[in-house]
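Student: 3D, please:
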Amino acid sequence: MSDHVSLDFLFTILTAATGIVWYQEFTDGDPNATATTWYREVAEEDTGGGVVNIPVVVRRFRTNGAVITDLPAGTHALSAQFVRKHKYFRAQMAFVAGGGTVSSMQVFAEFGAVANSPVIS
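Tutor: Here you go, the predicted model:
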């Protein structure tokens, strides 16, 4: 079993989205059991003086450059890679309030298999 998670995201956005957010969850339990505890990813932010903030991580797809904005209309092929220590992994995705329109979205897991292919709007 590989300890790496590779996700390839393919979006076709019809109208500019105000933000597509997602986060990761991990477990060693049965991923199909309702009683399974899923653990959210957290970040460590050293603020100095021995103080470390540990907020839950929420990722947001955005452009880069002088002005950081959300994804414009068009097709976007994005990729993210992570190291996994737990046995199971899942990703939750949503539009930020206000949204936009995505005509299609595909998330590819390792070896090119489609992990999930919802239509969100």
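
Student: Got the phi and psi for the residue lying farthest from the centre of the chain?
Tutor: Relative to the mean C-alpha coordinate of the chain, counting by CA atoms, centre = their mean, the farthest residue is G49 (31.6 Å). Main-chain dihedrals, G49, degrees, to the nearest 10: phi 60, psi 20.

Student: now do D8
Tutor: According to degrees, to the nearest 10, D8 has phi -110, psi 120.

Student: Tell me the bridge partners for it.
Tutor: S79, F108 (DSSP bridges).

Student: What of R59?
Tutor: W22.

Student: Per-residue pLDDT of it, please?
Tutor: With respect to pLDDT, R59 scores 90.

Student: Just give the number of residues close to it.
Tutor: 14 (other CB atoms under 10 Å). The way it works is simple: take the backbone N, C-alpha and C, and place the C-beta from them, glycine included.

Student: do the same with the one 5 residues further on
Tutor: Applying other CB under 10 Å, we find 7 residues neighbouring N64.

Student: count of neighbours near Q24?
Tutor: For Q24, using other CB under 10 Å, the count is 19.

Student: ok but it is inside a helix, no?
Tutor: No. Remark: Q24 does not belong to a helix; assigned using DSSP: H, G, I helix; E, B strand; the rest coil, it is strand.

Student: hang on, isn't Y39 packed against T27?
Tutor: Yes. Counting by CB atoms under 8 Å, Y39 does reach T27; the two are 6.4 Å apart.

Student: Pick out whichever of these two has more residues nearby.
Tutor: Under the criterion of other CB under 10 Å, the comparison of Y39 against T27 puts T27 first, with 16 against 12.
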